[in-house]
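# Predicted model follows, preceded by the sequence.
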Amino acid sequence: MMRFLSELRRRRVIRVAGLYAVGAWIATEVSATVLPLLQVPEKFVTGIVITLIALFPVAMILAWIYDVGPSGIKKTKDVAATDDAEGRPGMLFHILLLALVMLVFGYALFYFGQTRALQSIPRNSIAVLPFENLSSDSSKDYFSDGVSEEILNLLAKVEGLNVAARTSSFALRDSNDDIKTIGDKLGVETVLEGSVRWSGDNDRVRITAQLIDASSGFHLWSQNFDRDLKDIFAVQSEIAKAIVDNLRIKLGTDELNWIAPTADSAAYDAYLRGRQLLNQRRVKAVRESVDYFQRAVSRDPAFAPAWAAMAVAYLSLPSYSNEPVEELHAMAEDAAQRALVLSPELGEAHAVRAWLAQFKGEWSRAEFGYFAATSMDPNDVTTRVWYSGFLIATGKLAQGQVQAELALELDDDNPLTQAAAATAAMVLNENESCVAKAAVARELGFSNVVSALEGICLARLGRFDAASEALNLAHGPVIESNAISSLAAALPGAESLAAAAKTAMTDESEWRIGPWAIWLAATAGDADKAFAFLQQWFDKTGYFPLQLLWTPEAAILRRDPRFLELMQEYGVSQLWRKELPDLCKADSDDPFSCQESAR
């Protein structure tokens with residue numbers, strides 16, 4: 001044993017161990033003191049300590065084999081014992097230099113690794129998770145959802161703050177993921193979570209809110225709010241302001257000074273219940289939402305957001321049912337108008353009126369309405385989706401795709417946004433993208449229109465069997481299922497999409513005429529039949545289904561003089577005097593020529 005210790009001394013292993021310990025201690029102390037000042041996460045200091053401990057055995061092995069002296073590195077067996085005194089300063093210098101290099105190298109690895117990982121996460125970004133209902137009554141989930149949704153809406157109005165979309169955040173309601181994983185999924189730096197607990201006779205609530213750093217999991221701020229229900233709006237504003245303060249975002253004088261939309265807690269309760277149902281986008285739920293919105297405005301006729309939400313519900317119903325369109329549109333118009341009289345800056349109400357103007361062929365009014373709606377509420381995905389449809393209908397295909405992609409960026413876990421992006425891709429002949437986005441929309445619950453889009457794009461790619469399967473899934477009030485079924489039956493074994501369309505046309509006497517029947521006639525090369533179908537549809541509904549007229553298959557219609565006549569009759573060409581459609585050009589003989597095909 002003594003001989004072994006003597007050998008350790010001769011090889012300077014014990015001295016190296018001592019100096020390594022001193023150097024490691026210095027490196028740890030310096031990093032623990034300096035790095036937090038540089039805003040380096042605490043876990044990096046932990047990484048340094050672990051690295052130094054892991055390298056200790058390596059240093060001991062190297063000290064056994066080699067000796068570091070003034071003359072450089074030599075194997076220990078070649079080094080005389082008399083070199084001790086002259087070797088100490090050099091050895092200490094090299095060990096400390098090694099520790100410093102390790103520190104710098106480790107920081108560089110961490111910094112660049114973290115920078116690369118965080119490049120896709122915007123600064124000052126936050127996700128608002130649905131607040132947890134801590135009462136024993138699960139029927140009160142709507143209230144806790146509503147509280148968190150209103151806070152989200154407040155934060156979305158803050159310039160410089162990136163807020164994850166509601167649908168994406170709320171999709172993680174029952175997730176077992178930790179905060180870091182949630183932050184990665186939603187692409188945010190911070191996460192707000194909370195809970196709502198009822199007390200007394202249900203006229204008081206305790207709202208707990210917690211702001212968490214997604215990268216570390218540490219709480220940045222937490223607070224309890226015990227309030228009467230009548231003060232619920234003040235609490236939501238307080239929470240939003242506290243978040244902004246903690247994120248050190250400078251506010252304008254008017255931001256977050258929210259005026260309560262109603263002083264009636266029962267009206268607000270009904271509004272939140274209606275919102276929860278409307279967000280489900282199913283016919284029964286949308287119908288029930290109307291009842292709650294009506295209850296809200298009956299208690300407080302000045303409750304503008306309830307009027308706006310009611311307008312959206314009325315406007316949505318024809319997409320999910322066969323209820324009378326004219327009557328529902330009239331009620332939507334009335335509700336939106338009431339909302340705007342009470343609150344002229346409600347983007348949602350402007351969007352409803354813009355959609356109705358588009359339906360009536362009032363294109364300039366619709367354009368102005370969509371511009372106003374997106375300016376007032378740029379984070380509303382439904383408005384972006386509707387605006388995308390408007391732009392595509394008027395031939396602004398690239399701009400329409402931009403709006404669809406913006407909606408998708410705001411909320412990619414929403415079937416509406418995926419369907420809008422699939423529609424833009426289908427019109428622009430981007431078939432792989434169309435198939436992918438339509439499939440996502442279908443998985444998220446939209447199996448009607450998007451299945452038709454998916455089927456058409458698959459057929460363009462020559463995948464006729466898969467296209468037939470997709471088309472057979474298309475159903476709903478806005479789909480002429482018999483026309484789609486005819487194409488689905490004709491595709492397997494067909495030479496081309498056009499050939500299948502010609503075969504499908506043999507059943508046209510049994511079709512319910514609509515947009516897809518018009519498109520099928522154009523695809524089959526029968527322009528006369530397509531224009532006849534267009535006129536039948538217009539006589540029945542009062543509007544033309546313009547989006548499908550910009551597809552590659554409809555080029556035969558755009559080359560026909562009747563197309564320009566139709567655009568002039570319907571008033572669309574008025575918009576073209578300011579900016580031509582993507583597939584049209586000014587012509588010396590005629591006002592416009594639209595003979596190009598979609599790319």
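That came through fine.
# Listing request: residues of the chain with sub-threshold pLDDT.
By pLDDT under 70, the weakly predicted segments of the chain are 1-13, 31, 34-45, 59-60, 62-121, 200-202, 248-260, 476-481, 587-593, 595-599.
# Centre-most residue in it?
Centroid-nearest residue in the chain, with CA atoms, centre = their mean: Asp411, separated by 2.1 Å.
# isn't it right next to Arg166, touching?
Yes. With contact defined as CB atoms under 8 Å, Asp411 counts as touching Arg166 (7.2 Å). Placement of C-beta: from N, CA and C, glycine included.
# ok, back up a step: and the residue nearest to the centre of the chain, what are its phi and psi?
phi -160, psi 90 (degrees, to the nearest 10).
# what about it, distance to Glu323?
Separation of Asp411 from Glu323 (CB to CB, to the nearest Å): 27 Å.
# same question, Leu186
Taking CB to CB, one finds Leu186 at 36 Å from Glu323.
# higher neighbour count, these two?
More neighbours surround Leu186 than the other of Leu186 and Glu323, with 22 against 13 (other CB atoms under 10 Å).
# Contact partners for that one?
Residues near Leu186 by CB atoms under 8 Å, 6 or more residues apart in numbering: 127, 164, 168-169, 172.
# do that again at 10 Å, thanks
For Leu186, the contact set (CB atoms under 10 Å, 6 or more residues apart in numbering) comprises 121, 125-129, 164-165, 168-169, 171-172, 214, 413.
# Just the buried ones from these?
The neighbour count (16 or more other CB atoms under 10 Å) marks 121, 125-129, 164-165, 168-169, 171-172, 214, 413 as buried among those.
# which residues in this protein form strands?
For the chain, applying DSSP state E gives strands covering 66-69, 72-75, 125-128, 132-133, 162-163, 190-199, 204-213, 219-228, 585-586, 592-593.
# domains for this structure, by residue range?
With domains defined by automatic domain parsing, the chain comprises 2-118, 125-260, 345-593.
# right, so of the ones you listed, which gets closest to Ala332?
Of all the domains of the chain, it is domain 345-593 that lies closest to Ala332, at 5.8 Å by CB to CB.
# Please compute how far that closest one lies from its chain's middle.
23 Å (CA atoms, centre = their mean, to the nearest Å).
# how about the domains of the chain, which one is nearest Ala313?
Ranking those by proximity to Ala313 (CB to CB) places domain 345-593 first, at 10.0 Å.
# Hmm, Ile484 is touching Trp511, no?
Yes. The pair Ile484 / Trp511 is scored as a contact, 9.5 Å apart, by CB atoms under 10 Å.
# Give me the more crowded residue out of the two.
More neighbours surround Ile484 than the other of Ile484 and Trp511, with 27 against 21 (other CB under 10 Å).
# Distance check, the more buried one against Ser433.
Distance from Ile484 to Ser433, by CB to CB: 21 Å.
# between the buried ones among the contacts of Leu186, which is nearest Lys585?
Taking CB to CB as the measure, Lys585 lies nearest Ala165 of these, at 38.2 Å.
# Relative to Cys594, how far out is Gln223?
For Gln223 relative to Cys594 (CB to CB), the value is 60 Å.
# So for these two, which sits in the more crowded spot?
Between Gln223 and Cys594, counting by other CB under 10 Å, Cys594 is the more crowded of the two (24 against 13).
# wait, what's in contact with the more buried one?
Going by CB under 10 Å, 6+ apart, Cys594 touches 395, 549-550, 555, 557-560, 563-564, 567, 576, 580-585, 587.
# try it again with 7 Å
558, 563, 581, 583-584 (CB atoms under 7 Å, 6 or more residues apart in numbering).
# will you turn those residues into a markdown table that also has distance to Ala420 and neighbour count?
Output for those, formatted as a markdown table (distance: CB to CB, whole Å; neighbours: other CB atoms under 10 Å):
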| residue | distance to Ala420 | neighbour count |
| --- | --- | --- |
| Arg558 | 23 | 23 |
| Phe563 | 25 | 21 |
| Pro581 | 19 | 22 |
| Leu583 | 20 | 19 |
| Cys584 | 23 | 21 |
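# Make JSON lines from those and add distance to Ala306 to it.
Formatted as JSON lines, the contacts of Cys594 follow (distance: CB to CB, whole Å):
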{"residue": "Arg558", "distance to Ala306": "44"}
{"residue": "Phe563", "distance to Ala306": "43"}
{"residue": "Pro581", "distance to Ala306": "39"}
{"residue": "Leu583", "distance to Ala306": "42"}
{"residue": "Cys584", "distance to Ala306": "43"}
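# closest to Leu247 among those residues?
The shortest approach to Leu247 among the contacts of Cys594 belongs to Pro581, at 43.1 Å (CB to CB).
# For that closest one, give me the backbone phi and psi.
The phi/psi pair for Pro581 (degrees, to the nearest 10) reads phi -60, psi 160.
# Same check on Ala171?
The phi/psi pair for Ala171 (degrees, to the nearest 10) is phi -70, psi -20.
# try Arg463
Phi and psi for Arg463, reported as degrees, to the nearest 10, are phi -100, psi 70.
# Distance of it relative to Glu443?
According to CB to CB, Arg463 stands 18 Å off from Glu443.
# who's more crowded, those two?
More neighbours surround Arg463 than the other of Arg463 and Glu443, with 17 against 12 (other CB under 10 Å).
# got a list of what the more buried one touches?
By CB under 7 Å, 6+ apart, no residues touch Arg463.
# From Thr423, how far off is it?
19 Å.
# How about Met310?
27 Å.
# do the same with Ala351
Separation of Ala351 from Thr423 (CB to CB): 18 Å.
# Also Val402?
Val402 sits 13 Å away from Thr423, going by CB to CB.
# These two: which has the busier surroundings?
Set Val402 next to Thr423 and count neighbours by other CB under 10 Å: Thr423 wins out with 26 against 16.
# my guess is the more buried one contacts Leu453, does it?
Yes. Contact criterion CB atoms under 7 Å: Thr423 and Leu453 qualify, at 6.3 Å.
# all helices of the stretch 401-550 of the chain, in order?
Taking DSSP state H, counting those that start in this stretch as the test, the helices found in the stretch 401-550 of the chain are 415-427, 431-443, 449-460, 464-471, 481-490, 497-504, 515-523, 527-541.
# Could you dump those into TSV with distance to Ala24 added?
What follows is those, written out as TSV (distance: least, CB to CB, whole Å):
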stretch	distance to Ala24
helix 415-427	53
helix 431-443	52
helix 449-460	60
helix 464-471	62
helix 481-490	72
helix 497-504	71
helix 515-523	73
helix 527-541	79
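# Quick one, which of those gets closest to Arg365.
Per CB to CB, nearest to Arg365 of the helices of the stretch 401-550 of the chain: helix 527-541, 19.1 Å.
# Please work out which residues outside the closest one touch it.
Looking at what lies outside helix 527-541 - CB under 7 Å, 6+ apart - the contacts are 513-514, 517-518, 521-522, 544-545, 556-557, 560, 562, 566.
# again, only using 10 Å
Contacts to helix 527-541, defined as CB under 10 Å, 6+ apart, come from residues 325-326, 359, 361, 480, 483, 505, 508, 511, 513-524, 526, 543-546, 549, 553-554, 556-557, 559-560, 562-563, 565-566, 569-570.
# Quick one, which of those are buried?
Buried subset of the contacts of helix 527-541 (neighbour count, 16+ other CB under 10 Å): 361, 480, 483, 505, 508, 511, 513-524, 526, 544-546, 549, 553-554, 556-557, 560, 563, 566.
# my read: Ala404 touches Asp411, true?
No. In this structure, Ala404 is not within contact of Asp411 by CB under 10 Å, at 11.8 Å.
# Return every residue with contacts to both of those two.
Contact criterion CB under 10 Å, 6+ apart; residues shared by Ala404 and Asp411: 384-385, 417-418.
# Which PyMOL command selects the buried ones in the residues you listed?
The buried residues among these can be selected in PyMOL (16+ other CB under 10 Å) with this line:
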select buried, resi 384+385+417+418
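# Dump the shared contacts of Ala404 and Asp411 to a markdown table, plus distance to Ile26.
Output for the shared contacts of Ala404 and Asp411, formatted as a markdown table (distance: CB to CB, whole Å):
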| residue | distance to Ile26 |
| --- | --- |
| Arg384 | 56 |
| Val385 | 60 |
| Thr417 | 55 |
| Gln418 | 56 |
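# This completes my enquiry, with thanks.
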